[in-house]
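*Asks:* just the structure for this:
(one chain, ligands or ions: 1)
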Amino acid sequence: MRAVIIYESMFGNTHAIADAIAKGLEPLYNVVAVPMGEAGREGLGDADLLVVGGPTHFHGMSRPRTRKWAAATAQEPKNDLVLDRDAQGPGVRDWLRSLGHDHKNFAAFDTRFKGPAVLRGRASRQISRRLRRHGFEMIAKPESFFVTLENHLEPGEEARAQEWGTRLAARVPSDDVTDGGGPGRPATSKET
Ligand SMILES: Cc1cc2nc3c(=O)[nH]c(=O)nc-3n(C[C@H](O)[C@H](O)[C@H](O)COP(=O)(O)O)c2cc1C
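*Replies:* Numbering: from 1, shown residues only. Model (predicted):
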């Protein structure tokens, strides 16, 4: 089975989380983790699972303006931040706009500051909503991984992301066995 992880990352944290999720999926999936800018080239084609993630900016998905602010923040030496190599590419919002209709399984994640989602916001919820509107099937609740106020990953978040990937990998095949469907068709409560 094939999984495609598509991420947006300004300071490298969402990129690191995407790589960790890939490790969790790897025992069951042939996985690629690609930045938004390469998503078109990689193509979703025969993917059985799509995982999409991005940073939370102003309570939701980034916008061109917030991405510019992030880039300016990274350039200030006192902030000890490095722009991710693909930070100048398109953001998740633009990529979602260009996406066609599909029925693939998906899960969404974000990175953000620690704290209640109701106060901090979280991009993964918006990403999930958009993907569902495009016809995709959500197989897991949106998940957040946390960064410090200095925009570095909180300790243990990569390990947690890997575990999340492992749980995602386990979910699709077991659901398919339960409902007798093929890959890409998770069971619903009515079917089991
Ligand atoms: C312009 C901007 C706005 C942000 N707004 C929020 C926010 O509303 N809530 C939050 O939890 N984190 C917010 N953050 C922190 C980001 O979520 C954090 O920088 C991101 O998770 C880092 O991921 P990255 O390294 O992949 O870019 C913001 C960061 C920037 C640069």
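*Asks:* what does the chain put close to the ligand?
*Replies:* Applying CB under 6 Å from any ligand atom, we find that the chain lies next to the ligand at 9-14, 55-59, 66, 69-70, 73, 111-113, 120-121, 147, 151. For every residue, glycine as well, the C-beta is placed using N, CA and C.
*Asks:* in helices only, show me the residues you listed.
*Replies:* 13, 14, 66, 69, 70, 73, 120 (DSSP state H).
*Asks:* pull out the buried members of these.
*Replies:* 13, 14, 66, 70 (16 or more other CB atoms under 10 Å).
*Asks:* quick one: the last one and residue 8 touch, right?
*Replies:* In other words, residue 70. No. Residue 70 lies out of contact with residue 8 (CB atoms under 8 Å); the separation is 10.3 Å.
*Asks:* and for those two, which residues touch both?
*Replies:* Taking CB atoms under 8 Å, 6 or more residues apart in numbering as the criterion, residue 70 and residue 8 both touch 55, 62.
*Asks:* report the contact partners of residue 93.
*Replies:* With contact taken as CB under 8 Å, 6+ apart, residue 93 is in contact with 61, 62, 63.
*Asks:* want to throw the residues you listed into CSV with distance to residue 44 and neighbour count?
*Replies:* Converted to CSV, the contacts of residue 93 look like this (distance: CB to CB, whole Å; neighbours: other CB atoms under 10 Å):
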residue, distance to residue 44, neighbour count
61, 19, 26
62, 21, 23
63, 24, 14
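*Asks:* give me the subset of those residues that lies in strands.
*Replies:* In strands, defined here by DSSP state E, there are no members of the contacts of residue 93.
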